[in-house]
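> Sequence plus predicted model, see below.
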Amino acid sequence: MGKVILTGIGPGSKEMMTAQARFAIENCTAVCGYDKYVEQVADIIPAGTPVFTSGMKGEVERAETAVQFAKDGHDVCLICGGDPSLYSLASLVYQLADGKVDIEVIAGVTAAMAASSLLGAPIADDLAIISMSDLLTPWEVIKKRIDAVNAGDFVTAIYNPKSMKRTQQIEYALNTFMQSRGDLITGTVRDAFRENQSVKISAISNFDYDFVGMTSIVIVGCRKTILIDGKMVTPRGYPV
């Protein structure tokens, strides 16, 4: 019996991949993953290694294939963008394996942390992470979580802010934040640590909705967040 190694490869560039993830890929005996993520690590997959890829909405198929590879005796890397536990496949693999296959989870740098490093230091205090995607979570539940963020005045990382068919959720969230907490500072990072990386910082009132796309993440500050030299900074409270 082999094992499934859920391998987070970070936000995009090889430099942001952990040494543990790289070692796992270089030493595995099979690979599964979303086709675009596997392309990013193709040069470090051992020659002759069986590889299974699929596209969007193929998550269950990829996880099932990885579990089967493990049952067949392979140490299989299931390649995940960012971190395997956050909006990814770790929980699904545990459900499918049902205790019958060994599982290892290798953490990756998730988009919130990658974006934070490019925006300054917006995540210095308690953080809430919300996805605007309603594919697996009903929109009515997401709206309640937006209200909870307001109640706690959290810095918020917004994943999946917009897609071709889903354009209004990010506008609803920012308008709700503004009505409750004022004109908060926002930072948007598109294609973090990839070739076309771009960054934009503004107040909610000047937010550029056209700048946001499928590969963007939005970080919204809390009431304490300020601008210092053009960067978002959330003071922790140290006396300075």
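Thanks, I have it.
> Can you give the domain ranges for the protein?
Following the TED database, the chain resolves into domains at 3-109, 112-233.
> Show the end-to-end separation of the shortest one, please.
Yep, that's domain 3-109 we're talking about. End-to-end span of domain 3-109 (C-alpha to C-alpha, to the nearest Å): 22 Å.
> next SSE after the helix or strand hosting residue 156?
Assigned by DSSP states H and E, residue 156 belongs to strand 155-159. Using DSSP H and E, the helix or strand that follows strand 155-159 in sequence is helix 169-181.
> Each with direction, which strands does the helix or strand following that following helix pair with?
Note on helix 169-181: by DSSP H and E, the next helix or strand toward the C-terminus is strand 185-190. Paired with strand 185-190 in the same sheet, following DSSP bridges, are strand 198-203 (antiparallel), strand 216-220 (antiparallel).
> what residues does strand 185-190 touch?
Here strand 185-190 makes contact (C-beta atoms under 8 Å, 6 or more residues apart in numbering) with 111, 114-115, 118-120, 122, 174, 196-204, 207-208, 211-213, 215-221, 225-227, 232. In short, each C-beta sits where N, CA and C put it, glycine included.
> please redo it, this time with the cut-off set to 7 Å
Under the contact criterion C-beta atoms under 7 Å, 6 or more residues apart in numbering, strand 185-190 has outside partners 115, 118-119, 122, 198-204, 207, 211-213, 215-221, 225, 227, 232.
> what are the ranges of the strands in this protein?
With DSSP state E as the criterion, the chain has strands at 3-8, 30-34, 51-54, 75-80, 102-106, 120-121, 127-131, 155-159, 185-190, 198-203, 216-220, 226-228, 231-233.
> so of these, which one's packed in deepest?
Counting by mean count of other C-beta atoms under 10 Å, strand 75-80 has the highest mean neighbour count of these, with a mean of 29.
> Which other helices and strands does that one contact?
strand 3-8, strand 30-34, helix 35-40, helix 59-71 (3 or more C-beta pairs under 7 Å, 6 or more residues apart in numbering; DSSP states H and E).
> Which secondary structure elements does the first one sit against?
Read it as strand 3-8. Packing contacts for strand 3-8, counted by 3+ C-beta pairs under 7 Å, 6+ apart, involve helix 19-27, helix 59-71, strand 75-80, helix 90-97, strand 102-106.
> The same query, at a cut-off of 10 Å, please.
helix 19-27, strand 30-34, helix 59-71, strand 75-80, helix 90-97, strand 102-106 (3 or more C-beta pairs under 10 Å, 6 or more residues apart in numbering; DSSP states H and E).
> partners of it, with directions?
Using DSSP bridges, strand 3-8 pairs in its sheet with strand 75-80 (parallel), strand 102-106 (parallel).
> and it with helix 59-71, angle?
In terms of direction (axes from the mean of the first three to the mean of the last three C-alpha atoms, to 10 degrees), strand 3-8 departs from helix 59-71 by 140 degrees.
> Distance from strand 3-8 to the middle of the chain?
Centroid separation for strand 3-8 versus its chain: 17 Å, with C-alpha atoms, centre = their mean, to the nearest Å.
> Also the longest one?
Its chain's C-alpha centre lies 21 Å from the corresponding centre of helix 59-71 when counted by C-alpha atoms, centre = their mean.
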